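Enquirer: Here's my sequence, what's the structure:
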Amino acid sequence: MNLLQVTEELKSAELLLKKYKNNVTIFGSARTSKEDNVLIQATNLGRILSDKGFNILTGGGPGVMEAANKGAFEGKSASIGLNIKLEHEQHPNPYLDEVILFNHFFTRKHSMMNYSVAFVCFPGGFGTGDELLEILTLIQTNKIAKVKVFLYGTEFWKPIITWFKDLEKIKFVNSDYLNYLYFVDSISQIVNEVEKE
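Expert: Alright, predicted model coming up:
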């Protein structure tokens, strides 16, 4: 790990993101099929939130990220991508007003999680799961603001809902922190809740 590079990445993100208020970070799979309705919903959500004055922040790659950025790019507010240099999947998508390239996942996640008023997780794999659990951990430990976290697609997220409830039963997690989670099947639910902030 190059500490100078880490410092530069964090400073670059801070300089860019502190210019923007009302950011909503959207996570989801880079591998979602182009025929999947989830991409339509991510695009619609990005556009609606953008038109309502919320900047859309994603990992800047393909799949759900590209769909959300496309919606934001077509809307009135900024479409921002925090991309990471990888051999596969993570080339910046073409719908970005602003883009930063990262070498380290942790500096990228820090930047995605410290400048947002809400988070939305569309279906995804290890990366999306990692981001979700980190958000919840940071909320629990008061390292980021206590903001709403939306999990789109209750059928997809059902196993993690069960797991969270099991953790709550054995007191491994405090139910207070699960109150920040919203399991939704409609983007209108997300928009309505985000607008309350």
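Enquirer: going forward, measure contacts and count neighbours with C-alpha atoms only.
Expert: Noted.
Enquirer: Might you report the residue contacts of residue 151?
Expert: 120, 121, 122, 123, 157, 181, 182, 183, 184 (CA atoms under 8 Å, 6 or more residues apart in numbering).
Enquirer: which residue of the chain sits farthest from its center?
Expert: residue 170 (28.8 Å; CA atoms, centre = their mean).
Enquirer: any chance you could map the strands in this structure?
Expert: Assigned by DSSP state E, the strands in the chain fall at 23-27, 55-58, 79-84, 98-102, 118-121, 148-152, 181-184.
Enquirer: How far off centre is the last one?
Expert: What that stands for is strand 181-184. Distance of strand 181-184 from its chain centroid, counting by CA atoms, centre = their mean, to the nearest Å, is 14 Å.
Enquirer: now the second one
Expert: Mean C-alpha position of strand 55-58 versus that of the full chain (CA atoms, centre = their mean) differs by 8 Å.
Enquirer: which other helices and strands contact that strand?
Expert: Under the contact definition 3 or more CA pairs under 8 Å, 6 or more residues apart in numbering; DSSP states H and E, strand 55-58 sits against strand 23-27, helix 37-51, helix 64-74, strand 79-84.
Enquirer: before we move on, back to that, now the strands of the chain in TSV, with mean pLDDT?
Expert: What follows is the strands of the chain, written out as TSV (pLDDT from 0 to 100):
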stretch	mean pLDDT
strand 23-27	98
strand 55-58	98
strand 79-84	96
strand 98-102	94
strand 118-121	98
strand 148-152	97
strand 181-184	96
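Enquirer: can those go into CSV with extra columns for distance to residue 6?
Expert: Formatted as CSV, these follow (distance: least, CA to CA, whole Å):
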stretch, distance to residue 6
strand 23-27, 21
strand 55-58, 20
strand 79-84, 13
strand 98-102, 9
strand 118-121, 24
strand 148-152, 27
strand 181-184, 31
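Enquirer: Tell me the helices and strands packed up against the least confident helix or strand in the chain by mean pLDDT.
Expert: Sorting the helices and strands of the chain by mean pLDDT, DSSP states H and E puts helix 175-178 at the bottom, at a mean of 82. In terms of contacts (3+ CA pairs under 8 Å, 6+ apart), helix 175-178 is packed against helix 126-140.
Enquirer: residues of the helix it packs on that come out buried?
Expert: By 16 or more other CA atoms under 10 Å, the buried positions in helix 126-140 come out as 128, 129, 131, 132, 135, 136, 139, 140.
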